[in-house]
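Novice: got a sequence here, can you model it:
(chains A, B, C and D)
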Protein chains: 2
Amino acid sequence: MLHDAAQLDLMFQALADPARRQMVDRLSRGPASVSQLAEPLAMSLSAVVQHLNVLEASGLVRSEKMGRVRTCQIEPTALRAAEHWINERRLAWERRLDRLGDFLAESKDEN
Amino acid sequence: MLHDAAQLDLMFQALADPARRQMVDRLSRGPASVSQLAEPLAMSLSAVVQHLNVLEASGLVRSEKMGRVRTCQIEPTALRAAEHWINERRLAWERRLDRLGDFLAESKDEN
DNA sequence: GCAATAGTGAAGTAAGTGCTTCAGTATTGA
DNA sequence: TCAATACTGAAGCACTTACTTCACTATTGC
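Specialist: Below you'll find the model as predicted:
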């Protein structure tokens, strides 16, 4: 499981576009073909394929071609890595606040 | 608490850059001035201020100027919104897999 | 007061992003 | 077999990003 800086770059960059998040959202409800991913989006199929390439490069989505249909699905471990990075920083911040709270409470007791 | 598409764009975009993630990482360990944020980064102070503007526009960081020093800190609710978006999609996918697993187990029982 | 500190703002630039269109290939179903 | 389907790939173009430098302002400590 890679979650080095470059991989996180690619994942957050991939999630920064509303069309790509919509594609991830669709895939979170089950696998889909490229055309199915494209259907709700107001852009050319080519554009959708380019978005799909970004998602695959980031590791968030995996796809496989059977006959003329490419079927895509979510790669949950990658989602988990992005989630984990955010969670760690938020927890660190909250733990710090807790310690600060304890310190202030103790200071108050001493007066 | 906004977490509409545009806000998520800004947050994920903000997190897509390693310098900005390093700044968030630093801030997760406590407030810091602009110069303190800049210190480990191999770029001009101007560049750091521009990154800081991106972080503030995304809502991930808040800052306040006292005298000549601007002190920055994390806004944990924004971090939580990004975390939440990812978590929802991952859970949807995992729930779907569970149902699929149940279905396959039942099919097997029937044979 | 005055030098050092801390940050601000504008302009310029090279590279990257998000599309488009158009021309193609491979598969499928009647 | 042949038209429809489902992509694929390349080129081009407007816009954005991530810096740089340089000139500048506001505070602070001596």
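
Novice: every contact and neighbour count from this point should use C-alpha atoms.
Specialist: Noted.

Novice: give me the low-pLDDT residue ranges for chain A?
Specialist: Applying pLDDT under 70 to chain A picks out residues A:1-3, A:102-111.

Novice: tell me the contacts of the residue nearest to the spatial centre of chain A?
Specialist: In chain A, the residue lying closest to the centroid (CA atoms, centre = their mean) is A:Leu79, at 4.6 Å. Applying CA atoms under 8 Å, 6 or more residues apart in numbering or on different chains, we find A:Leu79 in contact with A:60, B:86-87, B:90.

Novice: and the residues you listed, which two are furthest apart?
Specialist: Across these, no pair lies farther apart than A:Leu60 and B:Asn87, at 13.2 Å, counting by CA to CA.

Novice: please identify which of the two sits among more neighbours.
Specialist: Ranked by neighbour count (other CA atoms under 10 Å in any protein chain shown), A:Leu60 and B:Asn87 place A:Leu60 first, with 25 against 18.

Novice: tell me the contacts of that one?
Specialist: Residues in contact with A:Leu60 (CA under 8 Å, 6+ apart) are A:11, A:74-76, A:78-79.

Novice: quick one: these as CSV, columns for secondary structure too.
Specialist: Formatted as CSV, those follow (DSSP: H, G, I helix; E, B strand; the rest coil):
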residue, secondary structure
A:Met11, helix
A:Ile74, strand
A:Glu75, coil
A:Pro76, helix
A:Ala78, helix
A:Leu79, helix
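
Novice: looking at those residues, state which has the most neighbours.
Specialist: Among these, the one with the most neighbours (other CA under 10 Å) is A:Ile74, at 28 neighbours.

Novice: could you measure it against B:Ile86, distance?
Specialist: Distance, A:Ile74 to B:Ile86, by CA to CA, to the nearest Å: 12 Å.

Novice: which residue ranges form the strands in chain A?
Specialist: With DSSP state E as the criterion, chain A has strands at A:32-33, A:61-66, A:69-74.
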